[in-house]
Every structure is written in C-alpha cells, then in structure tokens.
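Trainee: got a sequence here, can you model it:
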Amino acid sequence: MSKVYSLKTVQKIPISLDAAWDFFSKPDNLKDITPSNLGFDIISKHHGKTMYAGQIIEYTVKPILGIPLYWMTEITHVKDQQFFVDEQRFGPYTMWHHQHHFKVIDGGVEMTDIVHYKLPLWILGDIANVILVKAQLRGIFEHRFTAVEARFGKWVGATNEIVFG
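Mentor: Residues are numbered from 1 along each chain as shown. Below is the predicted model of the structure:
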C-alpha cells in the first residue's frame, strides 16, 4: 500500500485579510497562480463565483507530457476569512485533501496551505512521488509564491516555506 504524503507551505502577504480572502476564495483566480505549463483549465460551468461548502469544481490539468487529466474537487469546509478545504472527488490522486488557512498578522496576512495526498499504484506511486510528484508540487507552490508576490507585493524579510512530511 502506498504512503500518504503531506506538505505545508507558509507565505506572508502584505495585504488585508479582506483582500486575501476576496482573491483566494474565487475559484477563477486559481489559474492566475498556477504554472502555465500545467495547462490548468476550469471546465465546470456551474461552480459559482465564490467558495462555498459543497461546491464542485472541475478542471483539466496536463502534468505529464501535455496529456490532459480530468480533476474534480469539492469544497468541503469554509469558515469565512479563516479557512477552506478542497478534496479531490475524481482525478490523478487516490487522495487529495488541501487546507487553505488565513491569519491576520502585523502588516498583513499569513497564508498556510496543508496538503495530504496519496498516489495510486502502491509502490509505483511511491516511486513516482520520489522522482516526479514531490518536485512538481514543490514547483507549483514556488510558482504560487512568486505569482502572489507579483500580484500583492513581497513581504520584506520574510522567507516562504515548503515543508514535506
């Protein structure tokens, strides 16, 4: 049986909680902070403009060799201006649980992402994590750090964190 992996990222953003929540709680903004080489597209027609519990969002993503994969997530929990959780219903992972937390700090907002994921194919999934998936996820979140800084400004003196578990 393959392992459940985790990662945690922390980024400080020099904006108000209202501005952070307004941007990150709108599904259509996800494409703006996702690397273009992933070919990420939201394909659902009725997902709504803002996040709510029970919301279904459908995507296509091209993580390997430009081959499109279908991905459906459900927003399972939302606490306004504090956190939301998306969980994969169908897609490339056996399990995907992604928490998005927002906390007011002096000078802005601290945004923390916690992801738990599991890959299919038992030992082959574990091997894929070592040689491909972990690095790809690191690249996605590093791109997200850069895109968020370009949009909202860089937190002077802060170091963005990515920790795998």
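Trainee: what about the chain, any weak spots by pLDDT?
Mentor: 1 (pLDDT under 70).
Trainee: tell me, what residue is most central in it?
Mentor: By CA atoms, centre = their mean, the chain has its centre lying nearest to H98, at 6.6 Å.
Trainee: element containing that one?
Mentor: Assigned by DSSP states H and E, H98 belongs to strand 95-105.
Trainee: what lines up beside that strand in the sheet?
Mentor: In the sheet, strand 95-105 lines up against strand 83-90 (antiparallel), strand 108-118 (antiparallel) (DSSP bridges).
Trainee: and the helices in this structure?
Mentor: For the chain, helices defined by DSSP state H occupy the ranges 17-24, 122-128, 134-152.
Trainee: got the ones you listed as CSV, with distance to V4 columns?
Mentor: Quick note: C-beta positions are derived from backbone N, CA and C, even for glycine. Below are the helices of the chain laid out as CSV (distance: least, CB to CB, whole Å):
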stretch, distance to V4
helix 17-24, 25
helix 122-128, 11
helix 134-152, 13
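Trainee: columns mean neighbour count and distance to Q81 on top of those, output as TSV?
Mentor: What follows is the helices of the chain, written out as TSV (neighbours: other CB atoms under 10 Å; distance: least, CB to CB, whole Å):
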stretch	mean neighbour count	distance to Q81
helix 17-24	16	5
helix 122-128	14	36
helix 134-152	16	16
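Trainee: cheers, nothing more for now.
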